[in-house]
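Student: model the structure of this input:
(2 chains)
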Amino acid sequence: MTAMRLTVNGVQREIDVDPRTLLVHAIREQVGLTGTHVGCLTGDCGACTVVLDGRTAKSCSVLALSADGSAVDTVESLADGDDLHPVQQAFWDEFAFQCGFCLPGMLLTAKELLESTPDPDDAQVLAALNGNLCRCTGYNTIVSAVRKASGCATTCVKESPCRKS
Amino acid sequence: MAAPTLPDSAIGGSARKRDGAALLTGRARFVDDHQPDGALHAHVVRSTVAHGRILSIDTAAAEAVPGVVLVLTGKRAAESAGPVPYFIDPAARGGNRTDIRCLQVDEVVFVGQPVAAVVAATRQQAQEAAALVAVEYEVLPHVLDAEEALLPDAPRLYPDWPGNVVMHNRYGTGDTDAALAAADVVVSGELRIGRSTTSPIEPRGYLASWNAAEGKLTVHASCQNPHQMRWMLATSLGLDEGDIRIVTAKVGGSFGLKMQGHPEETLVALLSILTGSPVKWIEDRRETLMAGARQQVHRFTVGATADGRITALVNNIVADVGALTAQAGWAMPNMSATTLPSGYLVPDCRIELDIVVTNKPPVNAARGFGKDAAHFVMERAVDVVARELGLDPAEVRRRNFIPADRFPYRTSTGLNIDSGDFVGLLDKVCDTVDYAGIRRRQAELRPLGRYLGIGLGFELTPESSDSPGTFVSGFDTTTVRMSVTGMVTVLTGVTSPGGGNDTGIAQIVATEMGVPIEWVELVQGDTDRCPNGFGNFSGRSMVVGGGSATLAARDVRDKLALLGSRMLAVPVDRVEVADGVVRVVDDHERALAVPDVARALLTRAFAIADGIEPVLESTRAYKPGNIDHVPDQFGRIQPYPTYSSSLHAVVVDVDVETGKVVLLDYVMAHDCGTMINPALVEGQARGAVAMGLGSALSEQLVFGEDGALLSDRFKTYLLPRAGDVPELRMVHQVTPSPFTMHGNKGAGEAGVGGAQAAVANAVEDALAPFGVAVRGVPLTPPVVLGLIDEAAAR
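Tutor: A predicted model of the protein is given here:
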């Protein structure tokens, strides 16, 4: 076992990992945050998406040790207590999930898109979501949610803070 | 005056998913999220040959790996666990069976079949040790193709069977030979439906915890049918059902895959019993992708009159179900047969079905449950008739649909369709998609080298099935309980793998009881808490889960009304329960809060409730109508109460240089009767259509000649991604079922077959100038190019 450091959702953590451990397993099992999911372990489905040093990454395709000293934000970081992030709110309002298993990846991917591109066109939305698989919704409502969150995000710039319960 | 707005929480409102906050914030707990102290990890050692005898298994190297607690072989497993009982036993239907074991003892019949299991302290240790288990096989000849498996000298999977056929069945009535002879036109074709799979994003997984001191087993499972699983484990492990608790809380999608009957269910429980520790096994994606959903060859002949009326259908089906499974999947092709001739007036039908085993992994239950194939075939047949006669495919459908005034209508294969308006669906679709406009645009673009096509696909979805003598049950059970504080707990036998029936049932209970939906808590998927039930399949959850919840909620409501009327000193027929109060119908000021009435009944039973049984709880089962298991003069039974229907239109743009099919528009007219929650209904439909589009265009399980799965990850098994799915424009039609509690018909399965059929018809329509004839799905770019080349060569 090897000791390593991670800053997870703003909290510094020291954990011991087997060198073979993937980042997703370290987050889920050593850190104990299970909102990040394992869907394929081949980097294809995106259920394990986290924000790694400011950019989304598929945490199943990162060895935990290679993230030593990094900052990781997971789906658990999105809401502020009971106040949902506008992206979460939009996903709920638009029925943009069913089983919720792909949801952590979808939310973080959508949030990243809207932070870099506050008013994306359809092609940009689809391109951003193409790295995340959903088997329940058929994606239509996810696209709607991103559009809705985009509208909200635009408003947020003017009327910060925008957090609906 | 504006119509009063329906609150989202009422029946017919689009309440948001109740579990939304937990799922959105990552708090929801799926099976892999349970990490009890001391839990061990299991890894399954799988056969590397498609057919062989196990000569020896050397576990020494695996046992020497640090952290390894147990290496279990099939031989040792058989000392402690019996065969896995079938969900639907082929013998009960006159077919051939074999014992399904959690680990194979002597023979293996597909690459990937479990032969041993390793339990270790960590996942990595278990995986490392599993790779060191040395299995020696005597390799036997194998057969991967169902039609080859039917040949007399084909290798046999199960030596005690007369061949490789699980069962042969014939369906239909009438004289097809005479009808074909009298037809003005006879067309025939062959259609191949490729092997696709469900592959929910959460794989299967089980966490079994054996408490040796108490002799009790608890299993957390990603599973659709906890009560059936409890019975299955009791049977295979020789335990009392009362000593087993199955908990299936959050499930990350299932689509039939997670119906019980998989070997690993018994295996993981046995590993926990043998090690005395909690044991967890979470399936790897490669393992998930082994499960087939469908693979069939249909040869059809259709007779029609010169004006396009179909008079006869003959269809020979060869269904490749892979190796036999205790899961329900092997039985799906029966529904392909009986769902023909779908919603069309075809008096004479003869369907011959061979369900065939091959040396591939089993076909598991899948959304559509074989009905999808019936629609693919029937909709192709209708289009072939239209083309042969030079008629428009929409018009041929219109001429052949069962008219709306003919329901209930018994089909040639025996289904008694309760209600519907199929022409109504067709009109809605053609209007919405602008059928005539697309035809004009198609004509304009063809000279420019762009090939647009429009395809229609009708889908009749029998829902909420009951198969006598099996655990495919057409009823379910719900308990509604009000506490002394007025809070309502609903315990139901149906489960929700994501579709949201928990929300729908809460809407029903809140509406029926007249209390705010926030007062209603729902408990599903726990055999220690919920009444005996059958879980989730066949679009049943709102039909029978909702129906039984209605009955139970009304009982409790009536009790509240009775006591409330006494406390208000008015006759019971003058009170109602609504908005959380018991009130006088024509004087809403005279009202008592429901919690006050509940508390009065449960704390002052002797003081004010003379003659009223002081219990605010009811357990009710709901059996819908229309199911009929008494065989008629043709031996036909009628296993479904109700039939949803939908009509799909898709507009495609086919690139004849690359073979790529781009979907420009998709319209679905959908009729599932009364919608309890329209947004959730739409969600189900969108998901099913996307799944159908995948199997129509990109998804295919591919095996090597050695029987090993080649498409074993999402890089090679191509699920639709966001950019592949057009915006599905949905139009609703509501023809309430006369045979269900609220007139609802079940939603969730409709979409797979309709999408496959519409896409195939659209591609053929687009490529009509080339004379292309579609022969199956998936229509991947290489397949499309091949069809164009083949047509050019003719």
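Student: how about B:R309, what does it touch?
Tutor: Residues near B:R309 by C-beta atoms under 8 Å, 6 or more residues apart in numbering or on different chains: B:L345, B:R399, B:N400. To be clear about C-beta, it is placed using only N, CA and C from the backbone, and glycine gets the same treatment.
Student: I should have written B:D466 there, sorry.
Tutor: Contact analysis of B:D466 by C-beta under 8 Å, 6+ apart lists B:V472, B:S473, B:G474, B:F475, B:I627, B:H629, B:P639, B:Y640, B:P641.
Student: what is the burial count for B:I676?
Tutor: Using other C-beta atoms under 10 Å in any protein chain shown, B:I676 is surrounded by 29 other residues.
Student: measure the closest residue to B:A116 other than its chain neighbours to B:A62 for me?
Tutor: Spatial nearest neighbour of B:A116, excluding adjacent residues (C-beta to C-beta, 6 or more residues apart in numbering or on different chains): B:V45 at 3.9 Å. B:V45 is 8 Å from B:A62, where distance means C-beta to C-beta, to the nearest Å.
Student: how about B:L719?
Tutor: 34 Å.
Student: equivalent analysis for B:A760, please.
Tutor: For B:A760 relative to B:A62 (C-beta to C-beta), the value is 48 Å.
Student: can you check B:D665 too?
Tutor: For B:D665 relative to B:A62 (C-beta to C-beta), the value is 55 Å.
Student: repeat that for B:A129.
Tutor: Remark: distance between B:A129 and B:A62 (C-beta to C-beta) = 4 Å.
Student: ok, now A:E112?
Tutor: As defined by C-beta to C-beta, A:E112 lies at a distance of 43 Å from B:A62.
Student: of these two, which one has the most company?
Tutor: Set A:E112 next to B:A62 and count neighbours by other C-beta under 10 Å: B:A62 wins out with 24 against 17.
Student: identify the bridge partners of B:I244.
Tutor: B:L217 (DSSP bridges).
Student: so how far is B:A793 from it?
Tutor: As judged by C-beta to C-beta, B:I244 and B:A793 stand 61 Å apart.
Student: burial of the residue nearest to A:Q88 when sequence neighbours are not counted, as a residue count?
Tutor: Residue nearest to A:Q88 in three dimensions, not counting chain neighbours: B:L24, with 4.4 Å by C-beta to C-beta, 6+ apart. B:L24 has 27 neighbouring residues, counting by other C-beta under 10 Å.
Student: returning to what we had before: pretty sure the residue nearest to B:A116 sits in a strand.
Tutor: Yes: B:V45: assigned to a strand according to DSSP: H, G, I helix; E, B strand; the rest coil.
Student: now for B:A129 and B:A62: what residues contact both?
Tutor: B:V68, B:V71, B:V118.
Student: pipe the residues you listed into a markdown table and attach pLDDT, secondary structure and neighbour count per row.
Tutor: Listed next are the shared contacts of B:A129 and B:A62 as a markdown table, based on pLDDT from 0 to 100; DSSP: H, G, I helix; E, B strand; the rest coil; neighbours: other C-beta atoms under 10 Å in any protein chain shown:
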| residue | pLDDT | secondary structure | neighbour count |
| --- | --- | --- | --- |
| B:V68 | 98 | strand | 21 |
| B:V71 | 98 | strand | 25 |
| B:V118 | 98 | strand | 29 |
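Student: domain assignment for chain A?
Tutor: Using automatic domain parsing, the domain ranges for chain A come out as A:2-77, A:86-158.
Student: out of these, nearest to B:V108?
Tutor: Proximity to B:V108 (C-beta to C-beta) singles out domain A:2-77 among the domains of chain A, at 25.3 Å.
Student: that closest one vs chain B: in contact?
Tutor: Yes: on the criterion C-beta under 8 Å from any C-beta of the partner chain, domain A:2-77 is in touch with chain B at A:18, A:20-21, A:25, A:28-29, A:32-42, A:44-45, A:47, A:74-76.
Student: narrow the residues you listed to just the buried residues.
Tutor: In those, burial by neighbour count holds for A:18, A:21, A:25, A:28-29, A:33-42, A:44-45, A:47, A:74-76, counting by 16 or more other C-beta atoms under 10 Å in any protein chain shown.
Student: out of those, list just those in helices.
Tutor: Under the assignment DSSP state H, those contribute A:H25 to helices.
Student: the stretch 501-650 of chain B: helices as residue ranges?
Tutor: For the stretch 501-650 of chain B, the helices defined by DSSP state H, counting those that start in this stretch cover B:501-513, B:546-568, B:594-603, B:605-608.
Student: okay, buried residues for the second one please.
Tutor: Of the residues in helix B:546-568, those scored as buried under the neighbour-count criterion (16+ other C-beta under 10 Å) are B:546-557, B:559-568.
Student: and for stretch B:470-483?
Tutor: Within stretch B:470-483, the residues scored as buried using 16+ other C-beta under 10 Å are B:470-483.
Student: contacting residues around the residue in chain A that chain B sits nearest to?
Tutor: Minimum separation of chain A from chain B (C-beta to the nearest C-beta) falls at A:G35, amounting to 1.9 Å. By C-beta under 8 Å, 6+ apart, the residues touching A:G35 are A:T74, A:V75, A:E76, A:P104, B:T25, B:G26, B:R27.
Student: tell me how many other residues surround the residue nearest to it when sequence neighbours are not counted.
Tutor: Excluding the flanking residues, the one nearest A:G35 by C-beta to C-beta, 6+ apart is B:G26, at 1.9 Å. Using other C-beta under 10 Å, B:G26 has 23 neighbouring residues.
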